[in-house]
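Q: below: sequence and its predicted model.
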Amino acid sequence: MNRKIPFNIVSLLLIYALLVLPLVYTQSITAMNSAELLLSLASFYLLGGAILLPVDLGKHLLPISHAALSVFLGALLLSLLLFVIPSSTVLFSVLLIVAGVVFFLCKDRVQITAGAGVPTILAYVLAILIMLLISTGDFTKQFTAEQIATKCYTTDSYFFTSIVASIRNGSIFSASYEVGSPINYQLLGFFIPALIAKLLSITSHQALWGLTLPLYKLLAILLWYEVFYYFLRDKVTRTNYLFLFLAIVFPVLLAPLHPMYVLKGVVKNFVFNGFGYLTPSGTITYPISIILLLFCLLLFAKSDWKSRKLTADKLYFMVGLSILLIAKIPIYVSFMLFLGPILLKRVLIDKEHILNYLGYFLGSLVISAVVFKLTMGQEAGGRNYFKFGYVTKLFGDLYNRNSDGFKNNLIIYGLILFTYLVWMGIRIVGLVALIKSKIPLLNEFFIGAVISLIGTTTMASFIRMELVGSKGNLLLDGTFNVDQFIRSSFYIITIVGSLGILYLLFGAMWKPKVVKGVFIASAVWCTLSVVCLIYTCKLLMPDDCKEIVWYKENTQELKNGKYNDGLIIVNPGLNYYGIMMAASDIGKYWSAMDRHEGNLNSTNRNEYRWHLYKRILEQPNETDLAQIKNEGVKYILSTPEDSAQLRALSVAFPQRITKAGNTGWIYLVH
């Protein structure tokens, strides 16, 4: 095996420039953490390159794509050190030692180059531009050193930051926002920002939103270009810059139409970034899932499945598919539904041996179950059951039709089909091109995409998902989230539809007039998408993100170390949840908000704590106040919503609760 680890210095520096920018902008940069970031990225790159050596992707990917993927894989693996090394100094030292050992073992295989070539630079620049286009609404999160506690951000923004704060301290079973309770979430996307936050001694917020999320987006954009190029590499070259440009922009700018605005004729909202249109943006779980999906798709196409020979491509595909489950369940399910009919077609029609596939897919399920069990400390109960009419009700409400009665349901299902066709938009042309393609795998992609959409729609038509408490009471109805399964299938359609259009433009032998017409239509569509996306982003920009005095005071006191040596109770209302989670790097919390309000993942322990604290506020008594003291609580942070109640408590029970010094919002528990 004469494979090399292509270590490209220019690509490393380009990734470094992307990640260091938020530190420079927020003046969080120091000579020390700047050097640590560069050395860390180089270590990630080297380890990731060694991990990729068996599948030999270096000869298939651009230097920037291979570098970004190597950094991602290396950082993901090294992030596991967080659970055994508490000191950031020791962690950084071990990181360099691991990189040194890898270099020593692979020194004959490391191929260091400086120049990256025009295609690499162009792909990087285009990927950055697309990333900026889909990230405009996130800039207020990404380009701040600390997360401001106002209603300018969603609950998820604070919740995700607190998950990073928990993991950076080596725990997934004791969340920093709710000490003693596990993190009830899919964690894969949070390991890398936790590692970066620990290494650079920066806030969890900045590590997540400012450094890691742009890296995820960049890699996802580069990978979909690499997938397109892999399938059409016999038709185009790396220096076909028109193909490079279209391959990067199509999955974003071939956006779906908005069915309601189409009917209303509102042109400015004609194309939209919404349901059925997943880009690597939004919550942190989507971009990392898209990375894994594209990585698995590339390995699935690259593997020789007709042979029973055990290969690294197949093993890596199996592992990648497995860990996709702890990244985002809806994308995992949609991808499995996508692959299922492809395998059935190969076994039943092409007469391939099922044993060529069975072991890898069963192995992925086993690994998925083990990893899921290890990383999900679900303490709250869940119940999933079937109940007819969810999707029909959803679409009935969309079109103002009653979903009762068989006839009305048939009409609504017809409207669902119409809506899906509108959402697909010009991507339907790509799906048709896949059917007529002379590349068998592209034909299979059409089958897989359609079955995936049908399967997820069927699931969403019947399944209900609920979170229940210790006594069976309903904590959270998550049924509406089943639309994520449909959206995930639409993302797969986005990828295969874009691939189909690129095949039509660059690989098919259709009539020149047809190809020219598709090119013009695509150009017009993309132009309209850019205009609409910019318009939408302007609407999403928050109007008022002023800091609030209680948040600044509490955070400053915690930073000074005065009130962070014990557990803290906090009971924020919907507008004040940031008081807890934005300061999760410097405080440990005992109680969280009412989960009915905040819509966060709950636990049985949280339910108990919430009701106990609620009794203290509404019906205070000596027993309950003594109970919170016995559980280790030392401080209470009040908000404008409960400040009057806590002030009254300090008067009625001065032996149990008093105001802390000259602070405005902090109380001591005795």
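A: Perfect, thanks for sending it.
Q: can you give me the strands in the chain?
A: 5-8, 110-113, 381-386, 463-468, 474-477, 567-570, 588-591, 633-637, 657-659, 666-669 (DSSP state E).
Q: lowest-confidence stretch among those?
A: Between the strands of the chain, the lowest average pLDDT goes to strand 381-386, which shows a mean of 56.
Q: what stretches of the stretch 151-300 of the chain score poorly on pLDDT?
A: 151-155, 258-278, 282 (pLDDT under 70).
Q: one more time with 90
A: 151-163, 169-187, 203, 205, 234, 252-286 (pLDDT under 90).
Q: all the helices of it, residue numbers only.
A: Secondary structure of the stretch 151-300 of the chain (DSSP state H, counting those that start in this stretch): helices at 155-168, 191-200, 204-205, 213-232, 241-253, 259-264, 285-302.
Q: of all these, which lies closest to Phe653?
A: Minimum separation from Phe653 across those (C-beta to C-beta) falls at helix 155-168, 30.1 Å. (Each C-beta comes from the backbone N, C-alpha and C, glycine too.)
Q: and that closest one, how far out from the chain middle?
A: 13 Å (C-alpha atoms, centre = their mean, to the nearest Å).
Q: for that helix, name the packing helices and strands.
A: Contacts defined by 3 or more C-beta pairs under 8 Å, 6 or more residues apart in numbering; DSSP states H and E place helix 155-168 against helix 191-200, helix 204-205, helix 578-581.
Q: most packed of those helices?
A: helix 204-205 (a mean of 30; mean count of other C-beta atoms under 10 Å).
Q: run through who's touching that one.
A: Taking C-beta atoms under 8 Å, 6 or more residues apart in numbering as the criterion, the residues outside helix 204-205 that touch it are 141, 144-147, 161-162, 164-165, 168, 193-194, 197, 582, 584-585.
Q: follow-up on the earlier one: can you tell which of the helices and strands packed on helix 155-168 is closest to Lys438?
A: helix 191-200 (40.6 Å).
Q: who are the packing partners of the closest one?
A: Using 3+ C-beta pairs under 8 Å, 6+ apart as the contact definition, the elements that helix 191-200 packs against are helix 31-52, helix 63-78, helix 88-105, helix 155-168, helix 204-205.
Q: just the ones you listed: most buried one?
A: Once neighbours are counted as mean count of other C-beta under 10 Å, the most buried of the helices and strands packed on helix 191-200 proves to be helix 204-205, having a mean of 30.
Q: report the contact partners of Gln645.
A: When contacts are taken as C-beta under 8 Å, 6+ apart, Gln645 is in contact with Leu617.
Q: can I get the helices and strands packed on helix 155-168 in a markdown table including distance to Tyr25?
A: Compiled in a markdown table, the helices and strands packed on helix 155-168 are given as follows (distance: least, C-beta to C-beta, whole Å):
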| stretch | distance to Tyr25 |
| --- | --- |
| helix 191-200 | 15 |
| helix 204-205 | 14 |
| helix 578-581 | 21 |
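Q: quick one: closest of these to Ala127.
A: Set against Ala127 and scored by C-beta to C-beta, the helices and strands packed on helix 155-168 come closest in helix 191-200, at 18.4 Å.
Q: so for Gln111, which of the helices and strands packed on helix 155-168 sits nearest?
A: Between Gln111 and those, the shortest gap by C-beta to C-beta is with helix 191-200, which sits at 25.5 Å.
Q: next, the angle from the closest one to helix 88-105.
A: Counting by axes from the mean of the first three to the mean of the last three C-alpha atoms, to 10 degrees, helix 191-200 points 110 degrees away from the direction of helix 88-105.
Q: quick one: contacts of helix 191-200?
A: Taking C-beta under 8 Å, 6+ apart as the criterion, the residues outside helix 191-200 that touch it are 23, 33, 36-37, 40, 72, 75-76, 78-82, 88, 91-92, 95, 164-165, 167-168, 202-204, 206-208, 211-213, 215, 284, 585.
Q: tell me the angle it makes with helix 155-168.
A: Here helix 191-200 runs at 60 degrees with respect to helix 155-168, directions being taken by the same axes, to 10 degrees.
Q: with only the CA atoms kept, save helix 191-200 in PDB.
A: Output of helix 191-200 as PDB, limited to C-alpha atoms (Å, rounded to 0.1, in the frame of the first residue of the first chain):
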ATOM      1  CA  PHE A 191     -17.700  17.400  21.300                       C
ATOM      2  CA  ILE A 192     -15.500  19.500  18.900                       C
ATOM      3  CA  PRO A 193     -16.600  22.900  20.300                       C
ATOM      4  CA  ALA A 194     -16.100  21.600  23.800                       C
ATOM      5  CA  LEU A 195     -12.500  20.600  23.000                       C
ATOM      6  CA  ILE A 196     -11.800  23.900  21.300                       C
ATOM      7  CA  ALA A 197     -13.300  25.900  24.300                       C
ATOM      8  CA  LYS A 198     -11.100  23.900  26.700                       C
ATOM      9  CA  LEU A 199      -7.900  24.200  24.700                       C
ATOM     10  CA  LEU A 200      -8.200  27.900  24.000                       C
END
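Q: so how far is stretch 47-54 off the chain centroid?
A: 24 Å.
Q: wait, stretch 51-61
A: When C-alpha coordinates are averaged (C-alpha atoms, centre = their mean), stretch 51-61 and its chain have centres 25 Å apart.
Q: average pLDDT for that stretch?
A: Per-residue scores along stretch 51-61 average to 91.
Q: can you give me the end-to-end span of it?
A: In stretch 51-61, first residue to last residue: 15 Å (C-alpha to C-alpha, to the nearest Å).
Q: centre of the chain to stretch 414-427, how far?
A: Here stretch 414-427 is found 26 Å from its chain centre; the criterion is C-alpha atoms, centre = their mean.
Q: for stretch 125-142, same thing?
A: Distance, centroid of stretch 125-142 to centroid of chain: 15 Å (C-alpha atoms, centre = their mean).
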